[in-house]
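1. I'd like to go over a predicted model; first the sequence, then the structure.
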Amino acid sequence: MKADFRSVEFAPGKEMKVETGRLAKQADGAVTVQMGETMVLCTAVSEKEPKPELGFFPLTVDLRESMSAGGRFPGGFIKREGKPSDKEILSSRLIDRTIRPLFPDGYLHETQIICSVISSDGENDGDVIGGFGASVALTLSDIPFDGPMAQVRVGRIDGEHVINPTRSEMDESDVDLLVGGTEESVIMIEGDMDEISEQEMIDAIKAGHESIVKLCQFQNELREEFGEEKREFEVEETDEELANKVEQEVSDDIRDLVAAELGKEDYTERLDEIKKTAKEQLTAGIEDESEKEDLEEDIGDIIGDVEKKELRNLILEKKKRIDGRSPEEIRSIWTEAGYMPRTHGSAIFTRGETQALVSVTLGTKRDEQNIDTLFNEDAKQFMLHYNFPPFCVGETAFLRGPGRREIGHGHLAERAIKQVMPGFDDFGYVIRVISDILESNGSSSMASVCGGSMALMDAGVPLKKPVSGIAMGMIVGEDETVVLSDIRGEEDFMGDMDFKVTGTADGITACQMDIKVKGIDFETMERALRQSTEGRMHILEKMAETISEPRTEISKHAPQFVKMEIDGDQIGSVIGPGGKVIQTLQKETDTEILVEEDEDRDVGLITISANDLDKAEEAKRRIKGIVGDLEEGSVYEGTVKAIKDYGAFVEIVPGKDGLLHISEINHTHVDSVEDHLSVGDKIQVKLLKVEQGGKLRLSRKALLSEDEE
């Protein structure tokens, strides 16, 4: 390929530039894509020899953002990029999910796509640029690829769709939808939106696809000018004789199995028995262990193909599913709220053989997560974490950190609920939701949405509305297409679509769609969305039987808040030299105190949190004393700082001493102050009077009964 620039205007005022042949020339395909001043270098490399022993297409996609692209240093002690951020992982997944279906069947060569954001203007996100660039690199290379494809982001501002909006434009948008597809159809969508209708969703997808068509046509032009001839590859031939023998051996049993309406455990046990019997029958007489193992593996693969065919036929011909449901039917649901006594909120959501145990933790501003990426340095005050332990599918495995799938599922559930969360100014808690999947047989991410919504209401978080989610599937036949509601694992694995939709009773809040065939027409998509709405409403009704609105009180175990304002010039007095005053105050009152400055109003905003409201109120009272706002008649806990013949000086707030006269120590006569008090004693005193000049007169005897000494 020779070095050259080409550009295309794919939407009003939006231009994408592509450079080929200048950088990374030892890669099989490499391009630099630019939009605004954001540039992404996209490379594609595929091994020359296949790896059929893996049994799947070994594709790896990585999008990485260097802080130097935005002229910044990485935060933290180590000034070098480390493991990928959640943002990078999510962007990588979006690209992977769009290009993976476009590789030809039987292509088993290890392939890697790397998209490196090398320049960032802070406005144009590198994710959709990288998705487009990955396709260009593959299209121009000799790697077999049934593209091109493109990705675009769709926003909506004042009712008008905006393609690849800038970060500033996204602040005004009520839709954030990423669409990936080919010139003919849509392959992948993901995003969140502000309770839009099904028709509004379709309109946004169509708007995105119009730009995708232009970007794909542009890639075809580039291929004509710069593209290399695609390499030949061999698809491992199927042993037709063996396939016929296996099919003859197991077809009747598999057909009976998929129609038996069994649960996951019984279904798997019966399937294993069928496989075991078939392998014993068809490998009888073979003595070479290596040959026998290879044959058994081939037999297992063929049985999987037979199972897939029979399951799909059952749905297409009889409109009946593996567990006996009709295409529109939802599995049985049971729920419970407030299950865990010490968490701030909790819920169990069980649908069929999928179960999520969800907890909510309410924290203070100090618990917020600092985000340090090219596009975001804000603090995150709502987070949803999804865990998928191996026991939930009856397996054993090492427990590691969250994988890409767990991060992706948690992010989808977080986006779904985020649309109805209160703002931090309205509900001053940092909120963490944890969804632990205890059983899994289809759409655990949607169970996390439902359980998360219920747990938040149980915690007293003022959600605007409950949110539910459902996973839709699809089986494409020669003459018709069947859309399935609430798919279970086998229907996901052997079907043609996984379409997750979340929302309230009034509209859609998030979605995620992956197509395993080459695209989906808009008519089928509209049908799936309409069917998903019916399912979502049914699930919301089931949730409402347990909890339908936020509790009026938060847990007694959650932090308690007291807020106050002080003059801006008094902030230093509260903090003290080197933070000494505020640290002492926090330690003595067992509270957490956060001081922020509102420069516009020249005031200090103070948030006091504690596990006991009385402790927070005590800290507030002492802060008022520090800033000279002591209340006569109030009771303070003070520390004896000095003893004189005529009394003791007691510090009732940091930096504020008052005189406890000897006559105010006790009701009876006091000969010596030291008989009753020592330096360092903690005592309660009543503030009798704030005299001219700020002197404080204190009394201890005012708090004692006549018979106390």
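-> Here it is on my side, so go on. Numbers count the residues shown, from 1 in each chain.
2. in what helix or strand does the residue nearest the centre of the chain lie?
-> Nearest to the mean C-alpha position of the chain, counting by Cα atoms, centre = their mean, stands His411 at 1.8 Å. Using DSSP states H and E, His411 sits within helix 404-418.
3. Then Gln217?
-> For Gln217, the host element (DSSP H and E) is helix 198-226.
4. Centre of the chain to that helix, how far?
-> The chain centre lies 28 Å from the centre of helix 198-226; the measure is Cα atoms, centre = their mean, to the nearest Å.
5. what's the helix or strand just after it packed up against?
-> Counting by DSSP H and E, the next helix or strand C-terminal to helix 198-226 is helix 240-258. Counting by 3 or more Cβ pairs under 8 Å, 6 or more residues apart in numbering; DSSP states H and E, the packing neighbours recorded for helix 240-258 are helix 264-282, helix 289-318. (C-beta placed from N, C-alpha, C; glycine too.)
6. In the protein, where is pLDDT below threshold?
-> Under the criterion of pLDDT under 70, the regions of the chain flagged as low confidence span 1-3, 376-377, 518-519, 706-709.
7. If you count residues, where's the longest strand of it?
-> If each strand of the chain is counted by residues according to DSSP state E, the longest one is strand 38-50.
8. Is the spatially closest residue to Lys624 that is not a sequence neighbour in a helix, a strand, or coil?
-> Once its chain neighbours are removed from consideration, Lys624 has its nearest residue in Leu630; the separation is 6.6 Å (Cβ to Cβ, 6 or more residues apart in numbering). Secondary structure of Leu630, reduced to three states by DSSP: H, G, I helix; E, B strand; the rest coil: coil.
9. Turn the helices and strands packed on helix 240-258 into JSON lines, including mean neighbour count and distance to Arg100.
-> As requested, the helices and strands packed on helix 240-258 are exported to JSON lines (neighbours: other Cβ atoms under 10 Å; distance: least, Cβ to Cβ, whole Å):
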{"stretch": "helix 264-282", "mean neighbour count": "15", "distance to Arg100": "26"}
{"stretch": "helix 289-318", "mean neighbour count": "16", "distance to Arg100": "18"}
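10. Reformat those helices into a markdown table and put distance to His344 next to each item.
-> Converted to a markdown table, these look like this (distance: least, Cβ to Cβ, whole Å):
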| stretch | distance to His344 |
| --- | --- |
| helix 264-282 | 33 |
| helix 289-318 | 43 |
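11. Mind listing what's buried along the helix or strand following the longest strand of the chain?
-> Tracing the chain C-terminally past strand 38-50 and defining elements by DSSP H and E, one meets strand 59-65 next. For strand 59-65, a neighbour-count test (16 or more other Cβ atoms under 10 Å) marks Leu59, Val61, Asp62, Leu63, Arg64, Glu65 as buried.
12. re earlier: in contact with the residue nearest to the residue nearest to the centre of the chain when sequence neighbours are not counted, which residues?
-> Computed as Cβ to Cβ, 6+ apart, the closest residue to His411 that is not its neighbour in sequence is Leu90, at 5.7 Å. Contacts for Leu90 were tallied using Cβ atoms under 8 Å, 6 or more residues apart in numbering; they are Ile407, Gly408, His411.
13. now, which of these sits nearest Asn387?
-> Using Cβ to Cβ, the shortest approach to Asn387 within the contacts of Leu90 belongs to Ile407, at 10.9 Å.
14. Would you check how far apart that closest one and Leu357 are?
-> Distance from Ile407 to Leu357, counting by Cβ to Cβ, to the nearest Å: 19 Å.
15. Taking strand 59-65 as reference, get the angle to the helix holding His411.
-> Relative orientation of helix 404-418 versus strand 59-65 (axes from the mean of the first three to the mean of the last three Cα atoms, to 10 degrees): 60 degrees.
16. Buried residues in helix 404-418, which are they?
-> The neighbour-count check on helix 404-418 (16+ other Cβ under 10 Å) flags Glu406, Ile407, Gly408, His409, Gly410, His411, Leu412, Ala413, Glu414, Arg415, Ala416, Ile417 as buried.
17. go on, stretch 616-633?
-> Taking 16+ other Cβ under 10 Å as the neighbour-count basis, stretch 616-633 is seen to contain the buried residues 616-627, 630.
18. ditto for stretch 358-378
-> 358-365, 367-368, 373-375.
19. repeat for stretch 226-246
-> Residues Phe226, Gly227, Phe233, Ala243, Lys245, Val246 are the ones in stretch 226-246 that count as buried (16+ other Cβ under 10 Å).
20. what's the farthest-apart pair in the residues you listed?
-> Between any two of the buried residues of stretch 226-246, the greatest separation by Cβ to Cβ is 48.8 Å, found for Phe226 and Lys245.
21. Confirm that Ile652 sits in a strand.
-> Yes: looking at Ile652 with three-state DSSP, it is inside a strand.
22. so it touches Ile623, yeah?
-> No: no contact is recorded between Ile652 and Ile623 when judged using Cβ atoms under 8 Å, the distance being 12.0 Å.
23. coming back round to it: can the buried residues of helix 404-418 go into a markdown table with extra columns for distance to Asp675?
-> A markdown table is the format used below for the buried residues of helix 404-418 (distance: Cβ to Cβ, whole Å):
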| residue | distance to Asp675 |
| --- | --- |
| Glu406 | 67 |
| Ile407 | 67 |
| Gly408 | 71 |
| His409 | 69 |
| Gly410 | 65 |
| His411 | 67 |
| Leu412 | 70 |
| Ala413 | 66 |
| Glu414 | 64 |
| Arg415 | 68 |
| Ala416 | 68 |
| Ile417 | 63 |
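24. quick one: which of these is nearest Pro12?
-> Sorting the buried residues of helix 404-418 by distance to Pro12 puts Arg415 at the head of the list, at 27.3 Å, by Cβ to Cβ.
25. Tell me the spacing between Gly604 and Lys624.
-> Counting by Cβ to Cβ - Gly604 and Lys624 are separated by 12 Å.
26. Please disregard the earlier target; I meant Glu291.
-> When Glu291 is compared with Lys624 (using Cβ to Cβ), they lie 86 Å apart.
27. Spell out which helix or strand contains Ala471, please.
-> strand 468-476.
28. Tell me which residues of that strand come out buried.
-> For strand 468-476, using 16+ other Cβ under 10 Å, the buried residues are Ser468, Gly469, Ile470, Ala471, Met472, Gly473, Met474, Ile475, Val476.
29. my read: Phe561 touches Asp612, true?
-> No: in this structure, Phe561 sits apart from Asp612 without contact. The criterion is Cβ under 8 Å, and the distance is 11.9 Å.
30. Do you have the strands of the stretch 351-500 of the chain handy? List them.
-> Counting by DSSP state E, counting those that start in this stretch, the stretch 351-500 of the chain has these strands, from start to end: 354-363, 369-370, 379-380, 382-387, 430-439, 468-476, 481-485, 497-504.
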